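**Student:** whatever this is, show me its structure:
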Amino acid sequence: DIIAQNIKTADFGDPVFPSHVMKTINGCKVAIIGQAFPYSPIANPRYFVKDWSYGIQEESMQEVVNEVRAKGAQAVVLLSHNGMDVDLKMASRVTGIDFILGGHTHDGVPNAIPVKNSSGTTYVTNAGSNSKFLGVLDMDIQGGKLRDFKYRLLPVFSNMLPADPNMDAFVRNVRKPYIEKLSEPLAVSEGLLYRRGNFNGSWDQLIIDALIEVKDAEIAFSPGFRWGTSLLPGQTITREHLMDQTAITYPNTTLTQMKGEFIKTVLEDVCDNLFNPDPYYQQGGDMVRVGGLTYTCNPNGEAGQRISDMRLNGKPIEASKTYKVAGWAPVAEEARNNGEPPIWDVVETYLKDQKTVATKVPYTPKLIGMNDNPGFVV
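**Tutor:** Below is the predicted model:
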């Protein structure tokens, strides 16, 4: 089933997909409601979904919950792409949801978090990302109501699980025409390549370095993506590993002349998307990765005042000076057919030229006001 209560047509606000499905499980009626990523047209190219509107749509969510309860739902589960903070706020404001099984922010949360609202309690969960865990929820429903539950994260060790024969054969057949090209070695990595940090990762650093060198740029931006396979020191980087990090539907690179004041605006805008104190204004994800440029960040600062001390080669960035900035994954429609190569071609050129990639040390900006944050690691 494809379900999403918050995707409507942009003209008349009609539902694009069903808002929910009703399932009878062990004799109990369970309603499952869908919530798509509210900021899809902002975080991704708008032209992909030009006829649809998104948003959190809290009032609409309450209407759907009331509807399924009226239909006799004994338990209500929300499958959400909001992100953890948004789910926690929604749970405090929308009543009648028993569980929110969430995603987007990749949080592996071992226990269901209880959130009080005006009519009871909603439990918010998140099972990480990339099939590292299976979120297992057992509900005890008696007398038409949820009486108790058990929730746990079940680790998934794929090399210990036999593949489904039919699916395995299907996947192998799909990959067969491309396997030789995907398996081609491009370079060897001396260090660990990973992509999971709020401000950078070594895979991201490799992509940034490639952008600067191949496109002859002073500064490079790379999106705060968090997916892709980690590689161990000494492992060969194949084309499939590269595609694993870069294969998106708007992959073209950019080379832009940007003034210093606009560079600051870009960083400030992304910062506010991540660190706005109101979860409903957060888009999740990680900070844009930066190459060539150094800066200081205060996540707890006011909007427009979180970024400071921007420097290039040790010299302060000048607001009125123009800099050559490379990037990729542009969301603006005018950049759709800009004639620039896709990011995988740029990085492949870099890898083949390097042959052996030295250990990448990810650049992290100087952070202030974070010493008491339990997630802060020096």
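**Student:** export the strand or helix carrying P41 as PDB, just CAs?
**Tutor:** Following DSSP states H and E, one finds P41 within helix 40-43. Output of helix 40-43 as PDB, limited to C-alpha atoms (Å, rounded to 0.1, in the frame of the first residue of the first chain):
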ATOM      1  CA  SER A  40       9.900  17.100  -0.100                       C
ATOM      2  CA  PRO A  41       9.400  20.000  -2.500                       C
ATOM      3  CA  ILE A  42      12.100  22.000  -0.600                       C
ATOM      4  CA  ALA A  43      14.700  19.400   0.100                       C
END
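**Student:** how far off centre is that helix?
**Tutor:** 12 Å (Cα atoms, centre = their mean, to the nearest Å).
**Student:** got any ranges where this structure has weak pLDDT?
**Tutor:** Within the chain, the segments meeting pLDDT under 70 span 377-378.
**Student:** and the residue lying closest to M243 once chain neighbours are set aside, what element?
**Tutor:** Leaving aside its sequence neighbours, M243 sits nearest to W344 (Cβ to Cβ, 6 or more residues apart in numbering; 6.0 Å). To be clear about C-beta, it is placed using only N, CA and C from the backbone, and glycine gets the same treatment. W344 is part of helix 343-354, with elements assigned from DSSP H and E.
**Student:** can you tell me which residues contact the residue nearest to M243?
**Tutor:** Going by Cβ atoms under 8 Å, 6 or more residues apart in numbering, W344 touches 239, 242-243, 246-247, 251.
**Student:** still on that earlier bit, report the buried residues of the helix holding W344.
**Tutor:** 343-351, 354 (16 or more other Cβ atoms under 10 Å).
**Student:** same question for stretch 56-76.
**Tutor:** 56-57, 60-62, 64-65, 68, 73-76.
**Student:** can I get those in JSON lines with distance to K8 and secondary structure?
**Tutor:** Compiled in JSON lines, those are given as follows (distance: Cβ to Cβ, whole Å; DSSP: H, G, I helix; E, B strand; the rest coil):
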{"residue": "I56", "distance to K8": "12", "secondary structure": "coil"}
{"residue": "Q57", "distance to K8": "8", "secondary structure": "coil"}
{"residue": "S60", "distance to K8": "8", "secondary structure": "helix"}
{"residue": "M61", "distance to K8": "13", "secondary structure": "helix"}
{"residue": "Q62", "distance to K8": "16", "secondary structure": "helix"}
{"residue": "V64", "distance to K8": "12", "secondary structure": "helix"}
{"residue": "V65", "distance to K8": "17", "secondary structure": "helix"}
{"residue": "V68", "distance to K8": "18", "secondary structure": "helix"}
{"residue": "A73", "distance to K8": "23", "secondary structure": "coil"}
{"residue": "Q74", "distance to K8": "28", "secondary structure": "coil"}
{"residue": "A75", "distance to K8": "26", "secondary structure": "strand"}
{"residue": "V76", "distance to K8": "21", "secondary structure": "strand"}
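**Student:** just put those residues in a markdown table and tack on distance to S230.
**Tutor:** A markdown table is the format used below for these (distance: Cβ to Cβ, whole Å):
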| residue | distance to S230 |
| --- | --- |
| I56 | 33 |
| Q57 | 36 |
| S60 | 39 |
| M61 | 36 |
| Q62 | 41 |
| V64 | 39 |
| V65 | 39 |
| V68 | 41 |
| A73 | 41 |
| Q74 | 42 |
| A75 | 37 |
| V76 | 37 |
